[in-house]
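Participant: here are the coordinates; sequence isn't available:
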Ligand SMILES: CCCCCCCCCCCCC[C@@H](O)CC(=O)SCCNC(=O)CCNC(=O)[C@H](O)C(C)(C)COP(=O)(O)OP(=O)(O)OC[C@H]1O[C@@H](n2cnc3c(N)ncnc32)[C@H](O)[C@@H]1OP(=O)(O)O
């Protein structure tokens, strides 16, 4: 039977092999990608702070950052590609759900429904996403350089305990605020009769999206708790492949 020391050695070898297998080009690309994303979210943080300090209100703030937000949040789709081609050791499903739900919030709620843009809940999820992403992408960058300052590691694997529920609250309250507007305007909906003979009601689609947080959010949260135990406490966690 293999001893735990042997297991540890095998584990370390596997990690080194995976790092070596990633190759210099992939590492260079990931470093560039993470630096660009950290910079993008820093720009968003600075723009939001400047807007609030100058205007003294959150009204109009969303419009001032909409383009930058759409660009950098949509660019996160590349991460699903990273997982799919195996250059980062993360689940395609976990990353896909996280990224797609954010893209949905940005494109199909906050940017499409002007009336919700001045809701406090929008500012809540924007601030939470911004803090999270600055910590996450800077952690990945330093990790690739094998020099992670402890406070960044600490922030990456502790802040989410508070920020994740707050972000979810901001997102759900925003979708909730959108419901009456969507119902009134019948936006993105297709009513019968029509030449395709298909009906689609965006209002019910939003209700289903809200309900889907119930099974999906705990899975994302517990995934992060497992990552936290692995990174901060060195626990070896055997994850099922996708
Ligand atoms: C389409 C209709 C949708 C309808 C709605 C559906 C609702 C679904 C509910 C979803 C709720 C989401 C709510 C959410 O939006 C709210 C918020 O985000 S609030 C803010 C707080 N959020 C967080 O803190 C997010 C935390 N979660 C995550 O970070 C994600 O789980 C994930 C992005 C997937 C990251 O997890 P991951 O498994 O990657 O863990 P690690 O970060 O520890 O990374 C593991 C290893 O991979 C390496 N890695 C990963 N990415 C990179 C990269 N870009 N560059 C380099 N390396 C990378 C990382 O370093 C680790 O490597 P190693 O093990 O060698 O250290």
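Facilitator: Perfect, I can see it now. Please read these numbers as outputs of a predicted model, since none were measured by experiment. Residues are numbered from 1 along each chain as shown.
Participant: Return the nearest residue of the protein with respect to the ligand.
Facilitator: residue 167 (2.1 Å; Cβ to the nearest ligand atom). All C-beta atoms are positioned from the backbone trio N, CA, C, and that covers glycine.
Participant: can you map out the helices along this structure?
Facilitator: 4-55, 61-75, 77-85, 92-103, 120-144, 150-158, 160-185, 202-233 (DSSP state H).
Participant: check whether the last one contacts the ligand.
Facilitator: This points to helix 202-233. Yes: Helix 202-233 lies within reach of the ligand by Cβ under 6 Å from any ligand atom, at 209, 212-213, 216-217, 220, 223-224, 227.
Participant: still on that earlier bit, please name the residues that touch the residue of the chain closest to the ligand.
Facilitator: By Cβ atoms under 8 Å, 6 or more residues apart in numbering, the contact list for residue 167 reads 124-125, 128-129, 132.
Participant: who wins for most neighbours among these?
Facilitator: residue 125 (24 neighbours; other Cβ atoms under 10 Å).
Participant: Quick check, that residue in contact with residue 174.
Facilitator: Yes: judged on Cβ atoms under 8 Å, residue 125 makes contact with residue 174 at a distance of 6.7 Å.
Participant: Next, show the common contact partners of the two.
Facilitator: residue 105.
Participant: Pick out the most distant pair among the residues of helix 202-233 next to the ligand.
Facilitator: 209 and 227 (25.3 Å; Cβ to Cβ).
Participant: Give me the helix or strand of the chain that scores worst on average pLDDT.
Facilitator: helix 4-55 (a mean of 81; mean pLDDT, DSSP states H and E).
Participant: Pull the number of nearby residues for residue 197.
Facilitator: 7.
Participant: what does the chain have sitting close to the ligand?
Facilitator: Checking the chain against the ligand by Cβ under 6 Å from any ligand atom, the hits are 30, 34, 79, 82, 88-90, 94-95, 97-98, 100-102, 104, 128-129, 132, 136, 140, 143-144, 160, 163-164, 167-168, 171, 209, 212-213, 216-217, 220, 223-224, 227.
Participant: ranking the helices of the chain by burial, who's on top?
Facilitator: Neighbour counts (mean count of other Cβ atoms under 10 Å) averaged over each of the helices of the chain peak at helix 120-144, with a mean of 20.
Participant: Would you mind pulling up the elements that it packs against?
Facilitator: With contacts taken as 3 or more Cβ pairs under 8 Å, 6 or more residues apart in numbering; DSSP states H and E, helix 120-144 sits against helix 4-55, helix 61-75, helix 150-158, helix 160-185.
Participant: could you give the mean pLDDT of it?
Facilitator: Mean pLDDT, helix 120-144: 98.
Participant: Show the contacting residues for the closest residue to residue 205 other than its chain neighbours.
Facilitator: Excluding its sequence neighbours, the residue lying closest to residue 205 (Cβ to Cβ, 6 or more residues apart in numbering) is residue 188, at 7.8 Å. Neighbouring residues of residue 188 by Cβ under 8 Å, 6+ apart: 108, 112, 182, 200, 202, 205.
Participant: go on, residue 34?
Facilitator: Counted by Cβ under 8 Å, 6+ apart, residue 34 has contacts 137-138, 140-141, 144.
Participant: just residue 131 next, same as before
Facilitator: Residue 131 makes contacts with 45, 159, 163, as judged by Cβ under 8 Å, 6+ apart.
Participant: one step back: just put the helices of the chain in TSV and tack on distance to residue 192.
Facilitator: As requested, those are exported to TSV (distance: least, Cβ to Cβ, whole Å):
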stretch	distance to residue 192
helix 4-55	42
helix 61-75	33
helix 77-85	33
helix 92-103	28
helix 120-144	33
helix 150-158	49
helix 160-185	17
helix 202-233	14
